[in-house]
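Undergrad: Following is a predicted model, sequence given first.
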Amino acid sequence: MLAPQRQAAILDRVRASGGVRVSELATEYGVSDMTIRRDLETLAERGLLAKVHGGATTVSPGSAHEPGFAAKSVQQRAEKSAIAARAAGLVSPGDAIALSAGTTTAELAQRLVDVPSLTVVTNSIPVADVFYRAGRPDQTVVLTGGTRTPSDALVGPVAVAAIGSLHLDVLFLGVHGMSERAGYTTPNLMESDTNRALLGACERLVVLADHTKWGTVGISSIAALGEADVVITDTGLDATALALLSEEVDEVMVVEPA
């Protein structure tokens, strides 16, 4: 098992049980205590867990806590990949789309680089970079500009102004959290303004949210649950949450992670 795979598995264990011991992990994965301690140190530096004597525990971030792009990219990789694959099937050649910032939308971008004559508007540096690296001359990529957040989103009045005169087909929105009360949320006040501007420029809203986003509430709401035309999530979403979501959203697509 490679270190990133082991770290992702450790993180899942911490979230499931609330805490782990170094000695137990070393035995389970067949590595030394020092290797596990390095894994925990790496995850702690990314803000994904809290190191304690002999192990690690979960962290309890507030509604304004914003993890960095690298920290989020190691979470729920299989779920994000499956969600992105399903979302890619909603895009056709010649579409004009918006991709918000987020690791799931960055995953989606990887699957769209071969779509002919695509126009993409994004406030995400990693998303734009995917298309710039592909360098297709028949694709148009617009990066909004703005103030950079810890999650590599560009936000604020410059971003909002860049979006204001656009008319696009669909917004693929990555979210920090979603709940019945707060809808789709973000921990960054300016990012919610930018996302609402993207929403206003698009005819349809497709929300990309793995099951861990349910019940998480960021400081600022982007939209109510019912404003989404489609939500793509995964089979980890519990039945109660799925029922609530299905009552509010026209179409909920549930994918099976590989």
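TA: Cool, got the structure.
Undergrad: next structured bit after the worst-scoring helix or strand of the chain on mean pLDDT?
TA: When the helices and strands of the chain are scored by mean pLDDT, DSSP states H and E, helix 69-73 comes last with a mean of 57. Tracing the chain past helix 69-73, the next element assigned as helix or strand by DSSP states H and E is helix 77-88.
Undergrad: May I have that next one exported as PDB, CA atoms only?
TA: The C-alpha atoms that make up helix 77-88 are tabulated as PDB, following Å, rounded to 0.1, in the frame of the first residue of the first chain:
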ATOM      1  CA  ARG A  77     -11.400   9.900  -3.600                       C
ATOM      2  CA  ALA A  78     -13.500   7.000  -4.800                       C
ATOM      3  CA  GLU A  79     -16.700   8.800  -4.200                       C
ATOM      4  CA  LYS A  80     -15.500  12.000  -6.000                       C
ATOM      5  CA  SER A  81     -14.300  10.000  -8.900                       C
ATOM      6  CA  ALA A  82     -17.700   8.200  -9.400                       C
ATOM      7  CA  ILE A  83     -19.600  11.500  -9.000                       C
ATOM      8  CA  ALA A  84     -17.400  13.200 -11.500                       C
ATOM      9  CA  ALA A  85     -17.800  10.400 -14.000                       C
ATOM     10  CA  ARG A  86     -21.600  10.600 -13.800                       C
ATOM     11  CA  ALA A  87     -21.500  14.400 -14.100                       C
ATOM     12  CA  ALA A  88     -19.400  14.200 -17.200                       C
END
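Undergrad: Give the buried residues for it.
TA: 77, 79-88 (16 or more other CB atoms under 10 Å). Where you see a C-beta, it was placed from the backbone N, CA and C, and this is true even at glycine.
Undergrad: got the contact list for that helix?
TA: Residues outside helix 77-88 that contact it (CB atoms under 8 Å, 6 or more residues apart in numbering): 8, 103-105, 107-108, 110-112, 172, 206, 208-212, 232-234, 236, 253, 255-258.
Undergrad: are any of those residues buried, and which?
TA: So, of the contacts of helix 77-88, 8, 103-105, 107-108, 110-112, 172, 206, 208-212, 232-234, 236, 253, 255, 257 end up buried under the neighbour-count rule (16+ other CB under 10 Å).
Undergrad: Keep only those of these that are in strands.
TA: Among those, DSSP state E puts 172, 206, 208, 232-234, 253, 255 in strands.
Undergrad: What residues sit buried inside stretch 131-142?
TA: Of the residues in stretch 131-142, 131, 139, 141-142 count as buried by neighbour count, 16+ other CB under 10 Å.
Undergrad: Any chance of the residues you listed in a markdown table with distance to Ala50 as columns?
TA: Shown next, in a markdown table, are the buried residues of stretch 131-142 (distance: CB to CB, whole Å):
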| residue | distance to Ala50 |
| --- | --- |
| Phe131 | 37 |
| Gln139 | 43 |
| Val141 | 39 |
| Val142 | 40 |
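Undergrad: Thank you, goodbye.
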